[in-house]
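S.K.: have a look at this fold, sequence not included:
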């Protein structure tokens with residue numbers, strides 16, 4: 001009798017997680033504020049419906065937090081939560097823009113603690129199949145007009161009862 005043989009190990013494909021270019025993707029919110037002089041470090045390939053972009057900056061956390069709080073509100077981003085941890089020099093902010101959620105995290109860089117990392121994660125825009133959208137109906141009625149004729153009561157001697 002032969003000894004049992006273990007099944008062969010399956011190698012999972014582990015391709016690069018970064019896009020070939022560090023350019024800002026076209027699917028990023030058009031109004032997304034980018035911290036001045038921030039350098040794009042990584043543009044991750046989409047994972048499910050989400051994408052991550054990592055920036056670095058020489059700025060200090062308090063200035064960066066003030067910038068994002070002001071710019072997000074100014075550009076109609078709705079901040080849903082915000083948490084600052086001064087001892088760890090971290091700040092996180094969740095927001096929503098036209099139905100698309102996203103988040104920003106600021107924290108010291110792993111490579112150089114004098115630099116800050118800006119980690120932006122956002123939902124990709126939905127791809128809508130135009131063939132499934134119903135056409136808009138435009139009516140040429142001006143209103144309010146006169147009421148339409150009411151149907152006559154077939155039994156005038158009976159009064160309508162209401163519950």
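M.R.: Done, it's in. Nothing here was measured: the structure is a model prediction, and the numbers come from that model. Numbering: from 1, shown residues only.
S.K.: remind me which residues of the protein are low pLDDT?
M.R.: Along the chain, segments meeting pLDDT under 70 span 1-16, 128-133, 139-163.
S.K.: how far off centre is stretch 52-70?
M.R.: Offset of stretch 52-70 from its chain centre (C-alpha atoms, centre = their mean, to the nearest Å): 19 Å.
S.K.: quick one: contacts of it?
M.R.: 24-25, 28, 33-44, 79, 82, 84, 89-91, 93, 104, 106, 109, 114-121 (C-beta atoms under 8 Å, 6 or more residues apart in numbering). For the C-beta atoms, the positions are set from N, CA and C on the backbone; glycine is no exception.
S.K.: what do you get if the cut-off is 6 Å, keeping everything else the same?
M.R.: 35, 38-44, 89, 91, 104, 106, 109, 115-121 (C-beta atoms under 6 Å, 6 or more residues apart in numbering).
S.K.: helices of the chain, start to end?
M.R.: 61-74 (DSSP state H).
S.K.: going along the chain, name the strands of it.
M.R.: For the chain, applying DSSP state E gives strands covering 39-43, 50-57, 78-85, 90-97, 100-108, 116-123.
S.K.: check which helices and strands the third one sits against.
M.R.: This points to strand 78-85. Based on contacts counted as 3 or more C-beta pairs under 6 Å, 6 or more residues apart in numbering; DSSP states H and E, the elements that strand 78-85 packs against are strand 90-97.
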